[in-house]
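In: Provided below are the primary sequence and the corresponding predicted coordinates.
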Amino acid sequence: MRLSSGYEDRKARIEMLPLIDIVFLLLVFFIYAMLSMVVHRGLRVELPAALTAQPDRRDYVSVTVTEDNVIYLDEEQVSLDELMDGVSERVRSSAEKQIPVFISGDRRADLGVAMQILDRLRRAGIREVSFETREETG
């Protein structure tokens with residue numbers, strides 16, 4: 001006697017769960033690849049914290065003040081006078097009309113150096129200047 005399992009009558013079909021897994025893995029791969037291509041400028045400093053900190057992802061000019069009050073434009077050490085020439089040149093060569101300048105100063109650096117930089121940037125006509133901070137936790 002021959003028993004029918006019902007398997008012979010079934011038609012071929014495409015299973016969706018493995019396809020969803022593959023699409024998800026591709027999505028994760030491309031997101032990771034895109035995030036690894038982000039341009040990081042500046043040096044590693046310990047930023048002060050602020051509750052109202054928000055990320056800004058546009059192209060920018062990075063000015064860094066280290067713990068020893070040494071000034072860097074992107075990753076190049078400059079004096080206060082050379083800083084203004086470098087920032088002005090980068091702003092002029094930018095495709096955007098007004099490129100932001102981010103001042104990231106170590107929390108142990110003197111406030112006076114950052115204020116001198118801010119004052120000189122404003123005198124040079126650069127109005128979009130922000131201080132970089134990290135999000136405060138807790």
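Out: Yep, that arrived.

In: Could you use CA atoms for every contact and neighbour count after this?
Out: Noted.

In: can you give me phi and psi for Val129?
Out: In terms of degrees, to the nearest 10, the main-chain angles of Val129 are phi -120, psi 130.

In: again but with Ser4, I slipped
Out: Torsion angles at Ser4 (phi, psi; degrees, to the nearest 10) stand at phi -100, psi 130.

In: Can you give me the neighbour number for it?
Out: For Ser4, the number of neighbouring residues by other C-alpha atoms under 10 Å comes to 8.

In: check contacts around it.
Out: If you count contacts by C-alpha atoms under 8 Å, 6 or more residues apart in numbering, Ser4 has none.

In: Who are the contact partners of Arg127?
Out: Going by C-alpha under 8 Å, 6+ apart, Arg127 touches Leu121.

In: Tell me if it really is in a helix.
Out: No. Applying DSSP: H, G, I helix; E, B strand; the rest coil, one finds Arg127 to be coil, outside a helix.

In: State the distance from it to Met16.
Out: Here Arg127 is placed at a distance of 54 Å from Met16 (C-alpha to C-alpha, to the nearest Å).

In: Least confident secondary structure element in the chain?
Out: Least confident helix or strand, the chain: strand 49-50 with a mean of 72, by mean pLDDT, DSSP states H and E.

In: Give me the sheet partners of the next helix-or-strand element following it and which way each runs.
Out: Where DSSP states H and E defines the elements, the next helix or strand beyond strand 49-50 is strand 61-65. Applying DSSP bridges, strand 61-65 is found paired with strand 71-73 (antiparallel), strand 101-105 (parallel).

In: between the ones you listed, which one is nearest to Asp119?
Out: With C-alpha to C-alpha as the measure, strand 101-105 is the member of these nearest Asp119 (12.1 Å).

In: where's the closest one relative to the chain centroid, distance-wise?
Out: Its chain's C-alpha centre and that of strand 101-105 lie 13 Å apart, by C-alpha atoms, centre = their mean, to the nearest Å.
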